[in-house]
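A.B. asks: I need the structure of the sequence given here:
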Amino acid sequence: MSQHAAAVVSEADEELTTYTDAVARGHYDTHIGNLTGKHDNVRSYWEDQLTRLTLRPYLARLVEQKRDNNEKVRIVDLGCGAGQGYELLTKIDQRDLNLGLFHQRIMERDDVAIYLGVDLSHAMVDRGNELYAADPTIRFVQGDLNEGLYAIATEQPFDLYFCAYGSLSHLTAPSLESLLQEVVAHAANGSLIVMDLLGRNSLEWPNLWTATTDDEAFCDYTMSYLYRDLNNQVAPDVEVEHFPMRYWGGDEIIDLVERVNQATGSRGGSNAGLKIHKKFDRSIFVGRHIDTGEYNSQLKPMRRTINRLHEDYMRTDLDLLFWEPKYIPEHPDERVNAFFDELMTSWNRLVDYTQERLQGQASLANVRDWDQLPAPLQFGLMTIDRVINSAEWMWVGDPRANIIEPQLGYALRNLEHKLERGLGCGHGLMVILEVEK
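C.D. replies: I've put the predicted structure just below:
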């Protein structure tokens, strides 16, 4: 065999190895978009975006204060993973209606003096340090939040004590209370604390609605949704881990802060304490376990339907978006019942109008009881009406799938965002606190 022929054979073997490896890694599997898994469409377009919208006014004020003093923002991320919180915080737009070429962010990367991530997992810490090795302002250290803030004890006070994605729900109520006391002692006056907890009054786990003790508010949590396919099945060879998590109601947060303030205020006559700025429910009808049914088998798989709304060139059966009272159990707290009823009614009205408008059978002028409708529902109806009106003339690019349906998704997201009451009725309960000294 000639040298040229041998080289060709060698290159062919290498090429075959490349393709074999690519197939083994799943790169040639059927494309399913962001319909499942950790970073599905709801995570990208609902959960992370609602977190950003909620944080925006508080972070904007903090950054402006630091700029006025020629300073930069110091951030510690408690339970940081591999640094997803950094990406979340540095990609918050100043305003939604901005048609310019470039995003205008609340906090640019140059506004950050330090981002310090703390996580229990050595693997997460190592991965974070690898990903951000080129940026000296970003670093990660190992630490167990059950043991307090020992990992950052020698650091100067931070401007933002950030915790996302339910990390603090790994702690018991006494442990979280103790951690917050340490944060108050470590922080400066005006520092912000952001907590992201699991909401106890979510539709996903009604068995926790009557919990009255810390032990009763714990339940084994599973991340099986990471391994489910489009048929909601987990492969038989996958072993799904379970671990205990603490679930929180909005009223419990108020009690928790009061206990922290009593403890911190009694130390040496100090007036240090916490002020609640915001309690916010997120992922109310689209929580991770709405679809799995692992804790409430009566629910319908709404998250995957919303995922379809945000997928290119994929039309959605809008009938699947309707909620019925049978899906929502009676809650012992009438405030929660009233909230679920208002959200369900508004949600269904918006979906119903969208269907009728697509069929040319509805107009805003004919919407009944307009003056009695909640303002977020009025805004949603106007949004859908204008979007359909603007898209009706388009004849390429599948305007229904690529324009109308995503905007319906955002309109439904806005209903959750504007109607929520901070009662712990969503998969996530976000709390924004300020340290006062």
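A.B. asks: for residue 112, grab phi and psi.
C.D. replies: The phi/psi pair for residue 112 (degrees, to the nearest 10) reads phi -100, psi 120.
A.B. asks: check contacts around it.
C.D. replies: 72-73, 75, 90, 137 (Cβ atoms under 8 Å, 6 or more residues apart in numbering). Glycine gets a C-beta too; all of them are placed from N, C-alpha and C.
A.B. asks: next up, the contacts around residue 73.
C.D. replies: 62-63, 66, 107, 111-113, 159-160.
A.B. asks: now with 10 Å, please.
C.D. replies: Taking Cβ atoms under 10 Å, 6 or more residues apart in numbering, we find residue 73 in contact with 59, 62-63, 65-67, 89, 107, 111-115, 158-160, 192.
A.B. asks: got the contacts of residue 112 as CSV, with pLDDT, secondary structure and distance to residue 392 columns?
C.D. replies: Shown next, in CSV, are the contacts of residue 112 (pLDDT from 0 to 100; DSSP: H, G, I helix; E, B strand; the rest coil; distance: Cβ to Cβ, whole Å):
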residue, pLDDT, secondary structure, distance to residue 392
72, 98, coil, 49
73, 98, strand, 46
75, 98, strand, 46
90, 96, coil, 38
137, 96, coil, 49
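A.B. asks: and which of the residues you listed is nearest residue 409?
C.D. replies: For these, the minimum distance to residue 409 (Cβ to Cβ) is 24.5 Å, reached by residue 90.
A.B. asks: could you give me the buried positions within the one helix or strand residue 356 maps to?
C.D. replies: Mapping residue 356 onto the secondary structure by DSSP states H and E places it in helix 334-358. Across helix 334-358, burial judged by 16 or more other Cβ atoms under 10 Å covers 336, 339-340, 342-344, 346-347, 349-351, 353-354, 357-358.
A.B. asks: repeat for stretch 53-66
C.D. replies: Within stretch 53-66, the residues that qualify as buried are 53-56, 58-59, 62-63, 66, counting by 16+ other Cβ under 10 Å.
A.B. asks: can you pick out the most distant pair from the contacts of residue 112?
C.D. replies: Using Cβ to Cβ, the pair of those lying farthest apart is 72 and 90, separated by 12.5 Å.
A.B. asks: joint contacts of these two?
C.D. replies: Here residue 72 and residue 90 share the contacting residues 107, 110-112, scored by Cβ under 10 Å, 6+ apart.
A.B. asks: for ChimeraX, what selects the buried ones among these?
C.D. replies: In ChimeraX, a selection of the buried entries from these looks like this (16+ other Cβ under 10 Å):
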select :107,111,112
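A.B. asks: and the shared contacts of residue 72 and residue 90, which two are furthest apart?
C.D. replies: Among the shared contacts of residue 72 and residue 90, the pair separated by the greatest distance (Cβ to Cβ) is 107 and 110, at 9.2 Å.
A.B. asks: and for the two, which residues touch both?
C.D. replies: 72, 90.
A.B. asks: tell me where this protein has strands.
C.D. replies: Counting by DSSP state E, the chain has strands at residues 73-78, 112-119, 138-142, 160-162, 192-199, 218-222, 242-248, 273-282, 428-436.
A.B. asks: of all the ones you listed, which lies closest to residue 393?
C.D. replies: strand 273-282 (36.2 Å).
A.B. asks: now for the closest one, which elements pack on it?
C.D. replies: helix 48-68, helix 173-186, strand 192-199, helix 250-265, helix 405-419, strand 428-436 (3 or more Cβ pairs under 10 Å, 6 or more residues apart in numbering; DSSP states H and E).
A.B. asks: which intervals of the stretch 1-150 of the chain have sub-threshold pLDDT?
C.D. replies: Residues of the stretch 1-150 of the chain that meet the criterion pLDDT under 70 lie in 1-16, 18-30.
A.B. asks: just for the stretch 251-400 of the chain, where's the confidence low?
C.D. replies: Residues of the stretch 251-400 of the chain that meet the cut-off, pLDDT under 70, sit at 266-270.
A.B. asks: domains of this protein?
C.D. replies: Following automatic domain parsing, the chain resolves into domains at 41-198+247-289+424-436, 315-419.
A.B. asks: quick one: end-to-end length of the first one, please.
C.D. replies: Right, domain 41-198+247-289+424-436. The straight-line separation of the ends of domain 41-198+247-289+424-436 (Cα to Cα, to the nearest Å) is 38 Å.
A.B. asks: over to the shortest one?
C.D. replies: In terms of Cα to Cα, the two terminal residues of domain 315-419 are separated by 27 Å.
A.B. asks: what's the neighbour count on residue 259?
C.D. replies: Using other Cβ atoms under 10 Å, residue 259 has 14 other residues around it.
A.B. asks: residues near the spatially closest residue to it that is not a sequence neighbour, how many?
C.D. replies: Counting by Cβ to Cβ, 6 or more residues apart in numbering, residue 177 is the residue found nearest to residue 259 once chain neighbours are left out, at 5.7 Å. Counted with other Cβ under 10 Å, residues neighbouring residue 177 total 16.
A.B. asks: isn't residue 177 right next to residue 253, touching?
C.D. replies: No: taking contacts as Cβ atoms under 10 Å, residue 177 lies outside contact range of residue 253: 11.3 Å.
A.B. asks: buried residues, stretch 70-85. List them.
C.D. replies: For stretch 70-85, a neighbour-count test (16+ other Cβ under 10 Å) marks 72-85 as buried.
A.B. asks: again, but for stretch 282-290
C.D. replies: Of the residues in stretch 282-290, 282-290 count as buried by neighbour count, 16+ other Cβ under 10 Å.
A.B. asks: and that stretch, how far from the chain's centre?
C.D. replies: Taking Cα atoms, centre = their mean, to the nearest Å, one finds stretch 282-290 lying 10 Å from the centre of the chain it belongs to.
A.B. asks: measure that stretch end to end?
C.D. replies: End-to-end distance for stretch 282-290, by Cα to Cα: 13 Å.
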